[in-house]
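Colleague: make a model of this:
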Amino acid sequence: MAAPLDMEPPALSLELLPTDPLLLILSFLDYRDLMSCCYLNRRLNQLSSHDPLWKRHCKKYWLISDEEKSQRNQSWKAIFISTYSDLGRYIRYYATLKKAWDDLEKYLGQRCPRMIGSLKESVREEDLDAVEGQIGCKLPDDYRCSFRIHNGQKLVVPGLMGSMALSNHYRSEDLLDIDTAAGGFQHRLGLKQCLPLTFCIHTGLSQYMALESVEGRNKYEIFYQCPDQMARNPSAIDMFITGTSYLEWFTSYVNKVVTGGYPIIRDQIFRYVHDKECVATTGDITVSVSTSFLPELSSVHPPHYFFTYRIRIEMSKDALPEKACQLDSRYWRITNAKGDVEEVQGPGVVGEFPIITPGRVYEYTSCTTFSTTSGYMEGYYTFHCLYYKDKFFNVTIPRFHMVCPTFKVSTARMETNHNEYAVDEDEDSTDTDEYEDRRRVLDIPAPSGRCPRHT
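Modeller: Numbering: from 1, shown residues only. As a prediction, this is how the structure comes out:
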């Protein structure tokens, strides 16, 4: 007998759906919604406990591998819940920071194993709470999360956060462990409520993180301190900004390391930046340039911005033997941000006259300063052939730009009448193969009103 036409069909509900469509729907839920389903009814409780549903969340949020899962001998759901109970506070940051640490360890393990050996084990949650009580400020969750993975490193050389070397200047920054960082927490004016993240045992240089929005800084901003050498107030400290948060600061640095953006030289990470377009080939010789800004040798007041550059000169391995040549001299055309141009010529490079043969690479480091926040250099080398000594030719040096990072002026200076501190910004730097013999910025006496540059 046919059903009456006016009879309504039964209401459709999730419980009436077959198992497979329901599992497919549940696979699109986030871990919060999936957990909530456990409390709706018996069937959804059973289905939401289906272990493959939790595998995706374990991999997404905690980076748990199949191998690790088999070692722990737990279900995916149990692993997720136990990890969440320990690290749930950091679920927004953990996967990103854990991947950064894993990538860094894998990359440096093959190239700088000694540096990996200096890393410390993770800290406990109660250790981080104790530090907050000690310094009287809250630590950001991304910072705490990173230290739940690794507690910085020992005070050793080389430092994890990069090195820089000139003939008589060396910097290597360690990533401070939580106790050392807490011991360096600042209460003094100029660096009030700032926590050191790094430290160089050679220069005393640190990068700081502002834990509060005071003295013109944004909360969690990361910077190099730069004392105002022209202000009478010792709390007048300018800042070169290196990051807006710990997560951005650390992961961007790691990315540059593991992608080869920062070269590994003598088992150390050197913070040279290379523009892939900054390459010029003349015949069989290729010249490329990398640059770096040195905050510890720079100042905003007076305007003195110190850069180092590393030049690589390479002759193609396919060049004929008779192409061998020797560098005789250099020519530089140096332009600052105001368009002022200076031309410089000199013999050799850094006191040397390198011989270039097929397949050989010659590299050297030099430096320059500007009284403007940016500038660029370009020029050429003059070589003579070894087989035809009367034959000379020029090799192009590509234009390379140097730009100091964003900086902030001390609020102490802004609150002071500083019209008396007039600065002559007309002086600028020249080719500085001889710069290493000059007085360093941090060693100069009280400013005389001129930007220190030449002797």
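
Colleague: gap between the top helix by length along the chain and the chain center?
Modeller: For the chain, the helix that runs over the most residues, judged by DSSP state H, is helix 94-111. Its chain's C-alpha centre and that of helix 94-111 lie 14 Å apart, by CA atoms, centre = their mean, to the nearest Å.

Colleague: now could you export just the CA positions of it as PDB?
Modeller: Extracted C-alpha coordinates of helix 94-111, given in PDB (Å, rounded to 0.1, in the frame of the first residue of the first chain):
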ATOM      1  CA  TYR A  94      55.100  25.500  18.200                       C
ATOM      2  CA  ALA A  95      55.100  24.000  14.700                       C
ATOM      3  CA  THR A  96      56.800  27.100  13.100                       C
ATOM      4  CA  LEU A  97      59.500  27.300  15.700                       C
ATOM      5  CA  LYS A  98      60.100  23.500  15.900                       C
ATOM      6  CA  LYS A  99      60.500  23.400  12.200                       C
ATOM      7  CA  ALA A 100      63.000  26.300  12.300                       C
ATOM      8  CA  TRP A 101      65.000  24.600  15.000                       C
ATOM      9  CA  ASP A 102      64.900  21.200  13.200                       C
ATOM     10  CA  ASP A 103      66.000  22.800   9.900                       C
ATOM     11  CA  LEU A 104      68.800  24.700  11.600                       C
ATOM     12  CA  GLU A 105      70.100  21.600  13.400                       C
ATOM     13  CA  LYS A 106      70.000  19.600  10.300                       C
ATOM     14  CA  TYR A 107      71.800  22.200   8.200                       C
ATOM     15  CA  LEU A 108      74.500  23.100  10.800                       C
ATOM     16  CA  GLY A 109      74.900  19.500  11.800                       C
ATOM     17  CA  GLN A 110      76.500  18.900   8.300                       C
ATOM     18  CA  ARG A 111      78.500  22.100   8.300                       C
END
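
Colleague: numbering from 18 from now on, please.
Modeller: Sure, I'll start numbering at 18, so the last one becomes helix 111-128.

Colleague: which residues does the helix-or-strand element of the chain with minimal mean pLDDT contact?
Modeller: Lowest by mean pLDDT, DSSP states H and E among the helices and strands of the chain is helix 428-431, with a mean of 77. By CB atoms under 8 Å, 6 or more residues apart in numbering, the residues outside helix 428-431 that reach it are 206-207, 232-233, 245, 248, 250, 252-255, 318. C-beta: built from backbone N, CA, C; applies to glycine.

Colleague: hmm, try it at 6 Å
Modeller: 232-233, 245, 248, 250, 252-253 (CB atoms under 6 Å, 6 or more residues apart in numbering).

Colleague: count of neighbours near E369?
Modeller: Number of residues near E369 (other CB atoms under 10 Å) recorded here: 12.

Colleague: same check, this time on the one 3 residues further on
Modeller: Neighbour count for I372, taken as other CB under 10 Å: 14.

Colleague: buried ones in stretch 401-411, by neighbour count?
Modeller: Residues of stretch 401-411 classed as buried by neighbour count (16 or more other CB atoms under 10 Å): 401, 403.

Colleague: so how far is it off the chain centroid?
Modeller: Distance, centroid of stretch 401-411 to centroid of chain: 43 Å (CA atoms, centre = their mean).

Colleague: neighbouring contacts of that stretch?
Modeller: For stretch 401-411, using CB under 6 Å, 6+ apart, the contacting residues are 339, 341-343, 345, 397, 399-400.

Colleague: give me the buried subset of those.
Modeller: Buried among those by 16+ other CB under 10 Å: 341-342, 397, 400.

Colleague: which of these fall in helices?
Modeller: Per DSSP H, those never map to helices.

Colleague: which one among the residues you listed gets closest to F323?
Modeller: Set against F323, the nearest of the buried ones among the contacts of stretch 401-411 by CB to CB is Y397 (24.4 Å).

Colleague: ok, that closest one to S333 distance?
Modeller: According to CB to CB, to the nearest Å, Y397 stands 18 Å off from S333.

Colleague: repeat that for G200.
Modeller: Distance from G200 to S333, by CB to CB: 54 Å.
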